[in-house]
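Enquirer: With the input below, show me the fold.
(one chain, ligands or ions: 1)
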Amino acid sequence: MLGRPPLVPVDALNTLSLVAEHGESIGIVGRNGSGKSTLMRLISGQSNPTRGAVYASSVPVMLGVNAALVPELSGDHNVILGCLAMGMARAEIDDKFASIVELSGLGKAIHLPMRSYSSGMSSRLRFAIAASVDPEILLIDEALNTGDAQFRERSMERMNELRAKAGSVFLVSHSLGTIKEMCTRTLWLDEGDLLMDGDPATVTKAYLDYTRHLTKGNVDSAATIRDEAVSTLVVTEVEHQGPGRRKL
Ligand SMILES: Nc1ncnc2c1ncn2[C@@H]1O[C@H](COP(=O)(O)OP(=O)(O)OP(=O)(O)O)[C@@H](O)[C@H]1O
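Expert: Okay, the predicted model is just below:
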């Protein structure tokens, strides 16, 4: 039968509460569909929570400028457009222009229309534009991390620089090595629930144990690991913030 597809409500993320301190680099791990990107979108303000609120000392910036770019325009015009969309003044764009083009590694292709780029080339340009901001609160979703080996290395360098400058970083990654290497704290999400919030080595070990048991079909032992993880959670109560803070 033709007609409208049924609307299916999805609880992408259930009630959770946490405080990120200045200087923390917080990794987020979890299976596909566990709510990691949703949490990042809530923190960045790209989505609004159905209930609750996010308070931040400055505007959190997600590494990515997808919506702003125009395929018909050349790479260099898109650099300007992307930077304007991120709120940069023209003088700042002029200062940063050369380094953005260099980071993109596109060479002469920067003068060609973006629609002529391969998907890897487009990602490189997007990343180079996005990485030109120096936010206090930085959000990195691994899904953005594309490109060839050479570009990955260069983008990692720039990400490390950004992380070093930023006050707080949130990093979503399926690479537990990256999480352990780069983060001071790790959150484990599963089916929209926050299961664990602690040091990266402990949390990634529990998560890995859990997925191994699930892969082997040991549903009961996986559930035990899940329950143990949840029992370590300490509920953070966040009070309504006073002046100087903004509700996002
Ligand atoms: N725009 C959307 N419309 C409907 N459901 C959505 C939408 N975005 C996310 N979801 C659902 O919300 C849940 C959480 O998705 P989310 O993208 O946050 O997961 P994730 O942990 O980032 O997954 P992955 O590791 O696959 O990137 C999933 O069940 C997903 O299907």
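
Enquirer: residues contacting Arg115?
Expert: 71-72 (Cβ atoms under 8 Å, 6 or more residues apart in numbering). Quick note: C-beta positions are derived from backbone N, CA and C, even for glycine.

Enquirer: ugh, typo on my part, it should be Ile80
Expert: Counted by Cβ under 8 Å, 6+ apart, Ile80 has contacts 93, 97.

Enquirer: downstream neighbour of the helix or strand where it lies in the secondary structure list?
Expert: Assignment of secondary structure by DSSP states H and E places Ile80 within helix 75-85. For helix 75-85, the succeeding helix or strand toward the C-terminus, using DSSP H and E, is helix 90-104.

Enquirer: in that next one, what counts as buried?
Expert: Neighbour-count burial for helix 90-104 flags 93, 96, 100-101, 103-104 (criterion: 16 or more other Cβ atoms under 10 Å).

Enquirer: likewise stretch 223-231?
Expert: Buried residues in stretch 223-231, counted by 16+ other Cβ under 10 Å: 225-226, 229.

Enquirer: ok, now stretch 130-137?
Expert: 130-133, 135, 137.

Enquirer: all strands of this structure, in order?
Expert: 25-29, 55-56, 61-62, 137-141, 168-172, 185-190, 193-198, 246-247 (DSSP state E).

Enquirer: Other residues contacting the fourth one?
Expert: Identification of contacts with strand 137-141 by Cβ under 8 Å, 6+ apart yields 20, 36-37, 40, 43-44, 56-64, 159, 162-163, 166-172.

Enquirer: Which ones, among the residues you listed, also lie beside the ligand?
Expert: For the ligand, the contacts drawn from the contacts of strand 137-141 by Cβ under 6 Å from any ligand atom are 36-37.

Enquirer: Can you flag the buried ones in the contacts of strand 137-141?
Expert: Here, 16+ other Cβ under 10 Å leaves 20, 36-37, 40, 43-44, 56, 60-64, 159, 162-163, 166, 168-172 buried among the contacts of strand 137-141.

Enquirer: My guess is Met114 contacts Val79. True?
Expert: No - with contact defined as Cβ atoms under 8 Å, Met114 does not reach Val79; the gap is 10.3 Å.

Enquirer: ok, these two, which is more surrounded?
Expert: Comparing Met114 with Val79 by other Cβ atoms under 10 Å, the one with more neighbours is Val79, at 25 against 20.

Enquirer: Pretty sure the more buried one sits against Phe127.
Expert: No - between Val79 and Phe127 there is no contact under Cβ under 8 Å: 11.9 Å.

Enquirer: ok, Ser47 - contacts?
Expert: Taking Cβ under 8 Å, 6+ apart, one finds 38, 41 in contact with Ser47.

Enquirer: Apply 6 Å and report the result again.
Expert: Arg41 (Cβ atoms under 6 Å, 6 or more residues apart in numbering).

Enquirer: Need the per-residue pLDDT for it.
Expert: Looking at Ser47, its pLDDT stands at 89.

Enquirer: now do the one 5 residues further on
Expert: pLDDT recorded at Gly52 is 89.

Enquirer: Redo the buried residues of helix 90-104 as a markdown table? Include pLDDT.
Expert: Shown next, in a markdown table, are the buried residues of helix 90-104 (pLDDT from 0 to 100):
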| residue | pLDDT |
| --- | --- |
| Ile93 | 95 |
| Lys96 | 95 |
| Ile100 | 94 |
| Val101 | 95 |
| Leu103 | 88 |
| Ser104 | 90 |
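
Enquirer: Distance-wise, check the residue nearest to Ser17 when sequence neighbours are not counted relative to the ligand.
Expert: Excluding its sequence neighbours, the residue lying closest to Ser17 (Cβ to Cβ, 6 or more residues apart in numbering) is Thr236, at 4.9 Å. When Cβ to the nearest ligand atom, to the nearest Å is applied, the distance between Thr236 and the ligand equals 21 Å.
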